[in-house]
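>>> Structural data only, the sequence is not supplied:
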Ligand SMILES: NC(=O)C1=CN([C@@H]2O[C@H](COP(=O)(O)OP(=O)(O)OC[C@H]3O[C@@H](n4cnc5c(N)ncnc54)[C@H](OP(=O)(O)O)[C@@H]3O)[C@@H](O)[C@H]2O)[C@H](O)CC1
Ligand SMILES: [K+]
């Protein structure tokens, strides 16, 4: 599903009205009805319920007026609080404001300087607050008066349904413009905005409910937004159902260079995730001295013991053996717990220069590349890099906080500059392709911030690529399913107690939900 910014959303609006003759007031009516229906669902029944609608002076406020009218006509006790000067209300919002006044619906204008105790006292009587102060038109920091109104809404601790985006969140970036409404739900019109998806704005959004307000599909298709939200429907199209007459060879052969003394767990998690993702076979190159341990820990995986650089770190001088196994594989992964060494850099050089097998680079492989990025120019195969923000900082020499403020752009720029697929992990993982195609993931939870979670993701990505799924789509689908499995683990075990291994054990039911069996 495309993610748009406010400019693109206004472009959609304009095209709908000018090219297809659908009047803005009709879009506003559809928007208001969508929110009204969510209010009804939230309240379950309307009898005796009281709803406060806090409106700004633009079309977001206009949506609020429509919601007020429908509630008023359903005999709900509703009051509209106008946070701003009603004299400047114009256009479609004014049309709906005038109707409300003719219906003699309760309206109160909140003016600066008025003690906030009055509003906070009033809000105590309401069952629900609808936030219609700002939508995608918010483009600067909020003044003290409206900040005060927003804080009053937040401290009321009443459930809030925000219209289009929580007021105070920038639709373009997700940054907070002074303060923002903390919504339980946000009814988003037609397409998600970056501000709905990106943190910190996403922290204020609550449950995202995307509603069609009547913008023609042709108009939506005309917007060339390269950024899309990964949805279950999209992933279902990517992960194929299995055919009956097949054997393990049909589901891909994976080769992993991973593990070192004390880091056998990383190799194990990656292998298990590869197999749990549906791949047919996995071989793991590990230091000779760890072979017995790995043989005990892994049942389904095949270990390929290698001579050692130093005790417990893959010696990899046996590059021919590695390259031979690599050439017999459908996808490879290098890095989980493999230990950083000059030799690993040389292995990567060899692989990049000679292998055409798609490769996933994680952890120590990324750290090895941090000062040798030019090696990436040698690549002859699709490559997926899966840095967390600190690893991305080492790769780009950009400070972590600056990366976090601009995750999408940082990932996109690196992917296009180095011709690789970047997975910038974290809350709302970003997948950026060399083509510019970009995905943002909305599954997952803080319980996944645990050792080994990245190793599991590496395994799923590699496993999907090995099964013949196009690398960019395989990566985006893997990120979604990794988060979905993590959500299932958290639902069962809680966010505190879950470990990376629980993500692996919940992978099958996540995949079952996607594939249907
Ligand atoms: N196709 C659609 O998506 C539809 C969306 N609808 C709704 O319309 C809003 C967008 O409405 P808009 O009028 O463009 O803007 P807002 O209502 O979000 O903001 C109102 C105006 O407030 C001013 N502004 C901006 N920032 C601040 C600030 N920090 N403090 C004070 N005022 C601010 C700005 O006007 P200026 O002239 O002052 O710049 C805004 O225009 C969308 O989100 C939907 O809810 C339609 O109802 C249906 C179609
Ligand atoms: K809003």
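Ah, there it is. Worth saying up front: this structure is predicted, and the values here are computed from it rather than measured. Ligands and ions are numbered 1, 2, ... in the order given.
>>> what about the residue of the stretch 301-450 of the chain at minimum distance from ligand 2, is that helix, strand or coil?
Per Cβ to the ion, residue 442 is where the stretch 301-450 of the chain lies closest to ligand 2, at 19.4 Å. (C-beta placed from N, C-alpha, C; glycine too.) Assigned state for residue 442: coil (three-state reduction, DSSP: H, G, I helix; E, B strand; the rest coil).
>>> So it is in contact with residue 228, correct?
No: in this structure, residue 442 is not within contact of residue 228 by Cβ atoms under 8 Å, at 11.2 Å.
>>> can you pull out the strands in the stretch 151-300 of the chain?
Assigned by DSSP state E, counting those that start in this stretch, the stretch 151-300 of the chain shows strands spanning 160-163, 185-189, 207-211, 227-229, 253-257, 281-287.
>>> distance between the fourth one and the chain's centre?
When you say that, I think you mean strand 227-229. Mean-position distance between strand 227-229 and its chain equals 9 Å (Cα atoms, centre = their mean, to the nearest Å).
>>> follow-up on the earlier one: reformat the strands of the stretch 151-300 of the chain as JSON lines; add distance to ligand 2.
Listed next are those as JSON lines, based on distance: least, Cβ to the ion, whole Å:
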{"stretch": "strand 160-163", "distance to ligand 2": "4"}
{"stretch": "strand 185-189", "distance to ligand 2": "8"}
{"stretch": "strand 207-211", "distance to ligand 2": "13"}
{"stretch": "strand 227-229", "distance to ligand 2": "19"}
{"stretch": "strand 253-257", "distance to ligand 2": "47"}
{"stretch": "strand 281-287", "distance to ligand 2": "49"}
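>>> So which of the ones you listed is the most surrounded?
strand 160-163 (a mean of 29; mean count of other Cβ atoms under 10 Å).
>>> touching ligand 1 at all, that one?
Yes: judged by Cβ under 6 Å from any ligand atom, strand 160-163 and ligand 1 are in contact via residue 163.
>>> Quick one: mean pLDDT for that strand?
With pLDDT averaged residue by residue, strand 160-163 scores 98.
>>> ok, now stretch 484-504?
pLDDT averaged over stretch 484-504 gives 96.
>>> Any buried residues in it, and which?
Neighbour-count burial for stretch 484-504 flags 484-490, 495, 498-504 (criterion: 16 or more other Cβ atoms under 10 Å).
>>> Stretch 77-86 too?
77-84.
>>> Please give the number of neighbouring residues around the closest residue to residue 340 other than its chain neighbours.
For residue 340, ignoring the flanking residues on the chain, the nearest one in space by Cβ to Cβ, 6 or more residues apart in numbering is residue 364 at 4.7 Å. For residue 364, the neighbour count with other Cβ atoms under 10 Å is 24.
>>> Residue 364: helix or strand, and which one exactly?
helix 363-369 (DSSP states H and E).
>>> which helices and strands does that helix pack with?
The contact analysis (3 or more Cβ pairs under 8 Å, 6 or more residues apart in numbering; DSSP states H and E) places helix 363-369 against helix 342-354, helix 389-396, helix 453-466.
>>> In JSON lines, list these along with distance to ligand 1.
Shown next, in JSON lines, are the helices and strands packed on helix 363-369 (distance: least, Cβ to the nearest ligand atom, whole Å):
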{"stretch": "helix 342-354", "distance to ligand 1": "46"}
{"stretch": "helix 389-396", "distance to ligand 1": "29"}
{"stretch": "helix 453-466", "distance to ligand 1": "34"}
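>>> how about the ones you listed, which one is nearest residue 55?
Among those, helix 389-396 comes nearest to residue 55, with 38.5 Å by Cβ to Cβ.
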